[in-house]
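J.: This is a predicted model, with the sequence first.
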Amino acid sequence: MKEPTVPDAPNTTLPPLVEPAAELSREEVERYSRHLIIPDVGTVGQRRLKNAKVLVIGAGGLGSPALMYLAAAGVGTLGIVEFDEVDTSNLQRQIIHGSSDVGRPKAESARDSIREINEFVDVRLHEFRLEPDNAVELFEQYDLILDGTDNFATRYLVNDAAVLAHKPYVWGSIFRFEGQASVFWEDAPDGRGLNYRDLYPEAPPPGMVPSCAEGGVLGVLCASIGSIMVTEAVKLITGIGETLLGRLMVYDALEMSYRTIRIRRDPEREPITGLIDYDAFCGVVSEEGTEAAIGSTITATELSEMLSSGRDIAVVDVREPVEWDIVRIPGATLVPKDRILSGDALAELPQDRPITFYCKTGIRSAEVLAAAKKAGFSDATHLQGGVVAWAKQVDPALPVY
């Protein structure tokens, strides 16, 4: 995967994205007074914000602070693309939702929180999965897109749809203690156009970059990156300051350091002329993992029945030790995925009985299964749905993370 290395960047001041709205009401002047007395914003800038239509993809870790600060800033129209429901595990970082919202649609929960923050905001809900057949038409209804999704398939879809809809977008990404943010706009003035494929021409190999659900994220990191995304949105709408167009900002919370890296247009990049199958393009599970799992996948119920009947099966947990500490299948042995894939732990795997591998949801265990079969463990299997499926189907008293 190509990584840009040049630290400096050109001037990235851009003209205002949105024309000013009509005059502010007395109530709006009072509400936004701290903006109005900033010379670079003033009443004209605030009227631009009032006239802006911003679409936020996801009301999760990054979408939560972004939506709240966009609403507080006075963005007139906020669209929310979200089809998921609030889960207890979301509350550690998705601050737009509360305990009473668990089980509710995230879009509705986010809308209600926004209304509490700012009654002047028009909230539009798009409660469906973003797909190639709806993305471009949806994007054309807005001035600016904010992408806070946590998987590469959707990121490439957002990028390509934004190019085809001729819209700029602000991108953010978080993982454990590190966050990234940038601005992409293929049609930026003066030939400065860039898109996400200039940063990542190809998706990383399956399993290389786990999602937040698999690898975790420090909750407050969402606020740090989300607020940067909103800052970029405000600058784009009002035409103030230098944006992150052409720059990748990297934040390390453990070191408390920020650095920016120059992004250059990829001269070999093919023009985007249409949308594709992004799940196939990115591949959550590699072809080897998918092929290995055919005929070698068992359900949680089947594994439970095998163990209860006294069958001699080695159950191997391929997650990380911190995940093992949260929940595990009784009788399992911990052998982390990376040690098996590197070959270091192959000698530790039992060869006198069948092995069933499991992880959290079945993605990592499929990759391990492929490596094990290649090493001669022909009767190995993996658990469909991982320990989450075990907790739901076999032992509901176990915690799910």
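T.: Sure thing, it's come through. Numbering: from 1, shown residues only.
J.: Nearest residue to the middle of this protein?
T.: Centroid-nearest residue in the chain: Asp150, 1.4 Å away (criterion: C-alpha atoms, centre = their mean).
J.: Do I have it right that that residue meets Gly61?
T.: Yes - between Asp150 and Gly61 there is a contact under C-beta atoms under 8 Å: 7.3 Å. Where C-beta positions appear, they are placed from N, C-alpha and C, glycine not excepted.
J.: Does anything pack onto the worst-scoring helix or strand of the chain on mean pLDDT? Which helices or strands?
T.: Across the helices and strands of the chain, the lowest-confidence element by mean pLDDT, DSSP states H and E is helix 212-215, at a mean of 72. Packing partners of helix 212-215 (3 or more C-beta pairs under 8 Å, 6 or more residues apart in numbering; DSSP states H and E): strand 169-175.
J.: angle of whichever helix or strand comes after the strand it packs on against strand 169-175?
T.: Once the chain leaves strand 169-175, the next helix or strand it forms, by DSSP states H and E, is strand 178-184. Relative orientation of strand 178-184 with respect to strand 169-175: 170 degrees, computed using axes from the mean of the first three to the mean of the last three C-alpha atoms, to 10 degrees.
J.: Tell me the helices and strands packed up against the very next helix or strand once past strand 178-184.
T.: Toward the C-terminal end, the helix or strand that comes next after strand 178-184 (DSSP H and E) is helix 196-199. Other elements packing on helix 196-199 under the criterion 3+ C-beta pairs under 8 Å, 6+ apart are helix 152-165, strand 178-184.
J.: roughly how far is helix 196-199 from the heart of the chain?
T.: 16 Å (C-alpha atoms, centre = their mean, to the nearest Å).
J.: Now do it: everything it contacts.
T.: 4, 155-156, 158-159, 171, 182, 184, 248, 263-266, 269, 272 (C-beta atoms under 8 Å, 6 or more residues apart in numbering).
J.: Just the buried residues of the residues you listed.
T.: Among those, those classed as buried by 16 or more other C-beta atoms under 10 Å are Arg155, Tyr156, Val158, Asn159, Trp171, Ser182, Phe184, Leu248, Ile263, Asp266, Ile272.
J.: And the residue nearest to the third one when sequence neighbours are not counted, how close does it get to Val56?
T.: Read that as Val158. Among residues not flanking Val158 along the chain, Asp147 sits closest, at 4.5 Å (C-beta to C-beta, 6 or more residues apart in numbering). Applying C-beta to C-beta, to the nearest Å, the value for Asp147 to Val56 is 8 Å.
J.: Could you check which of these two has the larger neighbour count?
T.: Val56 (30 against 27; other C-beta atoms under 10 Å).
J.: which residues does that one contact?
T.: So Val56 contacts Gly63, Ala66, Leu67, Leu70, Leu78, Gly79, Ile80, Val81, Ile145, Leu146, Gly148 (C-beta under 8 Å, 6+ apart).
J.: is it true that the second one touches Met229?
T.: Which is Ala66. Yes - at 5.3 Å, Ala66 and Met229 qualify as touching, with contact defined as C-beta under 8 Å.
J.: hmm, back to that, with the contacts of helix 196-199 in mind, which one is nearest to Pro396?
T.: Arg155 (34.4 Å; C-beta to C-beta).
J.: Can you give me the pLDDT of the nearest residue to the closest one once chain neighbours are set aside?
T.: In space, and not counting its chain neighbours, Arg155 is closest to Thr149: 5.9 Å by C-beta to C-beta, 6+ apart. Per-residue pLDDT puts Thr149 at 93.
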